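>>> my questions are about this predicted structure, shown below with the sequence.
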There are 2 protein chains.
Amino acid sequence: MSGYSKTPEPPYYAVIFTSERTEGDKGYGKMADKMVELASKQKGFLGIESARDEESGITVSYWDTLDSIRKWKENATHKVAQEKGKSLWYRNFALRVCKVERQSFFEM
Amino acid sequence: MSGYSKTPEPPYYAVIFTSERTEGDKGYGKMADKMVELASKQKGFLGIESARDEESGITVSYWDTLDSIRKWKENATHKVAQEKGKSLWYRNFALRVCKVERQSFFEM
């Protein structure tokens, strides 16, 4: 990922996904790319930011409403990925749904 | 960072900080460690999660109230770091203040 998402004026919603991976790729990289592509086509998608180091990863996706988040959660292809995440890819994760109340941007 | 923050039941608050660094360390690593240590001693601090790759970094800190976030923003040592961030360390960043409404955790 390069740069932050140019999100609109708040309020809108964020899903913060913090995870630790298991060892080895096991198809994770390909599926992760596919999920970003698929999410960005969903109604109400506002942007996605992601960073990963050896220990852990954080992905934050931004959405217009809680209903858009619910629909993305229920997306059939996404549901398959969620299941594989639990059985194969993640040692642990936290998922938080938030209402963004304020934002500021800085450019050098 | 290892593992996610064991945050209490929502509602509480999250500050999502997404950044792209300039080239070179220029004292960043040391100050970043110091800021995590200092933040974790503030009243109302609930946890911090961070991940960084070559391109970008995401740090999410969790707080009990907006007032605790405001006080941390105004912390004198933190203010020095904020200034150095703009003049030296960050090419760009986005900072978002959010109300966490829902969370779920997964352990393998």
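Here it is on my side, so go on.
>>> rest of the way, CA atoms for contacts and neighbours
Will do.
>>> can you give the distance from the longest strand along chain A to the centre of its chain?
For chain A, the strand with the greatest residue count under DSSP state E is strand A:90-107. Taking the mean C-alpha point of strand A:90-107 and that of its whole chain, the gap between them comes to 9 Å (Cα atoms, centre = their mean, to the nearest Å).
>>> what is that strand packed up against?
If you count contacts as 3 or more Cα pairs under 8 Å, 6 or more residues apart in numbering or on different chains; DSSP states H and E, strand A:90-107 packs onto strand A:12-21, strand B:90-107.
>>> how much does the longest helix anywhere in chain A deviate in direction from strand A:90-107?
The helix spanning the most residues in chain A, taking DSSP state H as the definition, is helix A:28-39. Angle, helix A:28-39 to strand A:90-107, by axes from the mean of the first three to the mean of the last three Cα atoms, to 10 degrees: 50 degrees.
>>> give me the contacts around stretch A:15-31.
In this structure, residues lying in contact with stretch A:15-31 by Cα atoms under 8 Å, 6 or more residues apart in numbering or on different chains are A:55-62, A:81, A:88-98, B:2-4, B:49.
>>> how about A:S104: what's its closest non-neighbour residue?
Counting by Cα to Cα, 6 or more residues apart in numbering or on different chains, the nearest residue to A:S104 once its immediate chain neighbours are dropped is B:L95, at 5.3 Å.
>>> same check, this time on A:K6
Closest residue in space to A:K6, ignoring its immediate chain neighbours: A:G47 at 7.3 Å, by Cα to Cα, 6+ apart.
>>> what pLDDT, on average, does stretch A:45-62 get?
Along stretch A:45-62, the predicted local confidence has a mean pLDDT of 93.
>>> list the buried ones in it?
For stretch A:45-62, the neighbour count (16 or more other Cα atoms under 10 Å in any protein chain shown) marks A:45-52, A:56-62 as buried.
>>> ok, now stretch A:36-44?
A:V36, A:A39, A:S40, A:G44.
>>> now those residues in JSON lines, please, with extra columns for distance to chain B.
Listed next are these as JSON lines, based on distance: Cα to the nearest Cα, whole Å:
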{"residue": "A:V36", "distance to chain B": "17"}
{"residue": "A:A39", "distance to chain B": "19"}
{"residue": "A:S40", "distance to chain B": "19"}
{"residue": "A:G44", "distance to chain B": "18"}
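>>> fine by me, we can end here.
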